[in-house]
Structures are given as structure tokens and as C-alpha cells.
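Asks: I would like the atomic coordinates for the input below:
(one chain, ligands or ions: 1)
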Amino acid sequence: RPARFTLHPDFTVGDVDPRLFGSFVEHLGRCVYTGIHEPGHPTADESGLRGDVLGLVRELGVTTVRYPGGNFVSGYKWEDSVGPVDERPRRLDLAWRSTESNRFGLSEYVAFLRKLGPQAEPMMAVNLGTRGVAEALELQEYANHPSGTALSDLRAAHGDKEPFGIKLWCLGNEMDGPWQTGHKTAEEYGRVAAETARAMRQIDPSVQLVACGSSSQAMDTFGSWEATVLAEAYDLVDYVSLHAYYEELDGDRDSFLASAVDMESFIENVIATCDHVGARLKSKKRINLSFDEWNVWYLSKSSAQVAALNWPEAPRLLEDNYTVTDAVVFGSLMIALLRHADRVTVACLAQLVNVIAPIMTEPGGPAWRQTTFFPFAQASRHGRGQVLDVRVDAPTYETAKYGEVPLLHATAVRADDGTVTVFAVNRDRSAPLPLEVTLSGLEVESVIEHSALADSDPEARNTLEEPERVTPHAATGTTLRDGVLHATLEPMSWNMIRLA
Ligand code: AHR
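Replies: Coordinates of the predicted model:
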């Protein structure tokens, strides 16, 4: 039987915040060095930014860019990363057992965003691992204060007369994780997050602040961590963060394809926790969610890689090469975010270049798109507007991890001009899935395009040697007649169907 749902403009989830299409640049492996920054590369500009990468990042449609970590931020000394490049100190980066040259720093990050264009917005993390309130305030003053103070004048002396205007700040990173430098209990972190937030608001009451939630739903402290932190910081922060990574384990591809089941339950559980604290505090304020690290990541393979490092500079680390299967799961994670666009108003794909990334580079050589590039680019380009409520009625399949799961995962977005875009994943590994969508009250009459990402080889991937092995193709046979959309979703596929 076909998978079905009905769309109606009166039944909506909420507006998509452009920040949902954020990404993440961490000082980790080759994300920065030989990723976005490579002086001497044939496409590099005067500040060493790779032009080929800038072009691909623009095509990807990235908005907010979180920086400088990640685990890296918990040892970050922001003052090492500013001023004359040749005078910047080299430091041990404990998080990734690497040496940080600081040749790329705060000013270069802002230059990178400015080069990307007006849609690019900074999201800066402060170090609440080895540092605290004072250093966060110093960084804020250096970055944002116009002039006339020691640190704002220092910024100008370093060549950045204009303030950076950073509005969105992360209060540390994954402070619940024992691996984090300066890891804290929920009580300890809740206090320091609240006091940092209070002080940062003294400089600028309009800053937008993200408190660390759990590093994953699987953490022992999940739920109680968020509740304890928010009990301290509810009135002082705007967002709580979520991080989640998925990988295929023990050859269980069926469960892997259903990863978004976990992601959606994670989101719903965090919303419930935030609202529970809000209710306890009798607050009218609503805390939104910043899903500021999400992706497919073969994490189980990379821990040993990091442990074996002996303080190299910009090593090849976490350079997962994504298959078409990974891209279908990735697309489904995008769908999960869009389906919760009313509360998930910031999200960052971790990460942007080389490190578990949609864009890969070769030092001195080309840059290319991984399979995961395409679902993100399509969603960012066409997933802007109002998310419509999608209640799927679909055949199901059995998974070891999540029980019975619908074969179809889908969402739909209505743009301001009335066009409707359906994003859909068929989780069936071997059979096509017929799709029937009843369009009620929507002024759409025809199919603009049905683009699909699927391959007869589930392991197909793009590489340096074959950078365009996997790209989206036009699917055939999709029709819209008498208010009903009919399509066939190829086995294990990501789909974008645009209607006007
Ligand atoms: O994105 C890679 C790492 O994953 C980040 O540094 C950390 O925050 C998370 O554990």
C-alpha cells in the first residue's frame, strides 16, 4: 500500500528560522587549516581563505557558523588568537592531542563570515571549562564593544575597527561529558552558566545565550542535567543545546536508517524538560532548542585515532567519507529538525569542512561535495517558510533498536510565494515506496521537480578520484492531478518534490 499524508495550510508546525541551517567550524583536524584556510592555495584570497571552499559553503546554504569548538573551546584562550599572526603562541590542544598554531583566529573567523555573505552569522562559544566569567566578559568586550576601552581599542589596533557584533553565544560546550576539559556536575555548570549569562547581559542585555544541554540522549545524566541547569539559568538563557551523532553499528542498517526516531524523541524529551522547569518556575518564557551538533559520525572508529596522536598540527582526523546510505540517514535527520521547527530554532551541522563534513579538500588540490552535501543544500534552499504538519500513514518495518518504524519519513514546507516542498525519505532498502499526498487548500497545481538521491550501490561515495560519483538525479513519473500528488520513492532514497 502507498504511504500517505495530507497537507493543509491551516495545519502548521511553525516558521523555519534561517538559523536551522547553521554549521560548525572547530579547530579540529583540517576543518580550519587546509579546510577553509590555506594561504598559498591557488584559490586563496589575501587572507588565506580558500575561494573554492567559500564557493561550496555558499552553495551549501549555510547560515550560522558555530566557532571555535566543540571540545576545543574548553581549553581556548581567545587572546592567543588575535593580533599579529607571527606573534601568536602555539599551544597544546588537549581535546584533540594536537598543536594549535593560532594562525587562524577570531578576526579571521569574522573575515570568513563576511566573505560568505550577509546570511552568515557568528555563533561564538566561550570557554567555561578551564576559564570562567571574567574571560567570557573580556572576549565579549574585545569582540563587540565599539571603542574607548582597553579591549575594544586593542581590537581596533589589531586592524578590526568595526565591532564583530556577535549576538549568539554558547556558554561552554558539552560540560556534562567526562571527556570535557574542566567537566562539571550539573549544579556546578548551572551556577557558572547563570553567572556568566548574567554578567554578559550586563554588557549587552540583547545577547542570545545557549546553555549546554546533554551531549547525547544516552548520557546517564540526560534529563536531570537539563532540569538542574535550567533551574539555575532559566531566566538568563534563550536556548538549551542538544548534540547527536549517528552511525551504523554491527551491520544493523535498518536501525541506522531509523536514526531520526531517536533524534525526534531527543528533541521532544528536551522540550518536555524545558517546559517542566518553566512550569515549576511559573514562567511565561519559553526556552528554545539549539541542536548545535548533529550528523552521521563513525565515532566508534575515531576515538582510537585521537588517542594515538602525538601533538601534530592539523592532522587528518575524523575525515569520514560518506556513502549514499549515510546521506539518506542525514536527510532524515534534516527532516527531523524541520518537523520540530517551532522549537528547534538553531541547528548546526557538525562540521563544515573535512571533519565529519559535507565538504572535503585536498591541500593544494581540489574541494568537493560529499553525499551529505546534497540534502543539506536542498533543504536550505527550498526549506524556508512555514513547516506544514505532516502525519504519515505508511507501511512499517521492524528495527532492532526502535521497534516498528514507518518506511516513510517526511516533512513539507510552504514558502511565502505559496510553493510547497516535500522532503521525504524511503527507509526501505530494497523496494520502492509509492507516495500519495492529498493537497487541500493549497494553491499548487504542478510538479516543478522531483529530485532524488539514491544509488544501486549503497556504499557509493564521492572521493578525490571520483568527486561526482553520487549526485541527485531527476526522478520520473511524479504527477499532481486533482489535488493529489503521486510519486514513487526509490529504494533507500532522499527526495525533494517541489510543487507550484
Ligand atoms: O564535532 C566533534 C566533537 O563532538 C565536538 O568537538 C564535541 O563537542 C562533540 O563531542
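
Asks: max-length helix in this protein?
Replies: If you go by DSSP state H, the chain has its longest helix at helix 259-280.

Asks: other SSEs contacting that helix?
Replies: helix 224-233, strand 239-246, strand 288-296, helix 324-339 (3 or more CB pairs under 8 Å, 6 or more residues apart in numbering; DSSP states H and E). Yep, even glycine has a C-beta here, placed from its N, CA and C like the rest.

Asks: pull the CA atoms of the longest one into CSV?
Replies: Backbone C-alpha positions of helix 324-339 (Å, rounded to 0.1, in the frame of the first residue of the first chain) are rendered in CSV as follows:
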residue,chain,number,x,y,z
VAL,A,324,24.7,7.3,-0.2
THR,A,325,23.3,5.4,2.8
ASP,A,326,24.8,7.9,5.1
ALA,A,327,23.2,10.7,3.0
VAL,A,328,19.7,9.2,3.3
VAL,A,329,20.1,9.0,7.1
PHE,A,330,21.4,12.5,7.1
GLY,A,331,18.4,13.7,5.1
SER,A,332,16.2,12.1,7.6
LEU,A,333,17.9,14.0,10.4
MET,A,334,17.3,17.2,8.5
ILE,A,335,13.6,16.2,8.2
ALA,A,336,13.5,15.6,12.0
LEU,A,337,14.8,19.2,12.6
LEU,A,338,12.3,20.7,10.2
ARG,A,339,9.4,18.7,11.8
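
Asks: quick one: buried residues of it?
Replies: 324-339 (16 or more other CB atoms under 10 Å).

Asks: over to the third one?
Replies: By neighbour count on 16+ other CB under 10 Å, the buried set for strand 288-296 is 288-296.

Asks: which parts of this structure belong to which domain?
Replies: 3-9+389-499, 17-382 (automatic domain parsing).

Asks: so can I have TSV of these showing mean pLDDT?
Replies: Converted to TSV, the domains of the chain look like this (pLDDT from 0 to 100):
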stretch	mean pLDDT
domain 3-9+389-499	98
domain 17-382	97
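
Asks: most packed of these?
Replies: Greatest average neighbour count among these goes to domain 17-382 (a mean of 20), per mean count of other CB atoms under 10 Å.

Asks: now check it, is it near the ligand?
Replies: Yes: applying CB under 6 Å from any ligand atom, one finds domain 17-382 touching the ligand at 26, 69-71, 173-174, 215, 243, 293, 350-351.

Asks: pick the one among those closest to the ligand.
Replies: residue 70 (2.9 Å; CB to the nearest ligand atom).

Asks: now do the contacts for that closest one.
Replies: Contact partners of residue 70, counting by CB atoms under 8 Å, 6 or more residues apart in numbering, are 24, 26-28, 95, 125, 173, 293, 350-351.

Asks: against residue 101, how distant is it?
Replies: 17 Å (CB to CB, to the nearest Å).

Asks: cool, and residue 209?
Replies: Taken as CB to CB, the span from residue 209 to residue 101 is 30 Å.

Asks: same deal with residue 308?
Replies: Taken as CB to CB, the span from residue 308 to residue 101 is 21 Å.

Asks: hmm, back to that, and the contacts of residue 70, which is closest to residue 496?
Replies: Set against residue 496, the nearest of those by CB to CB is residue 350 (22.7 Å).

Asks: ok, the closest one - contacts?
Replies: Per CB under 8 Å, 6+ apart, neighbours of residue 350: 23-24, 26, 70, 243, 245, 292-295, 297, 356.
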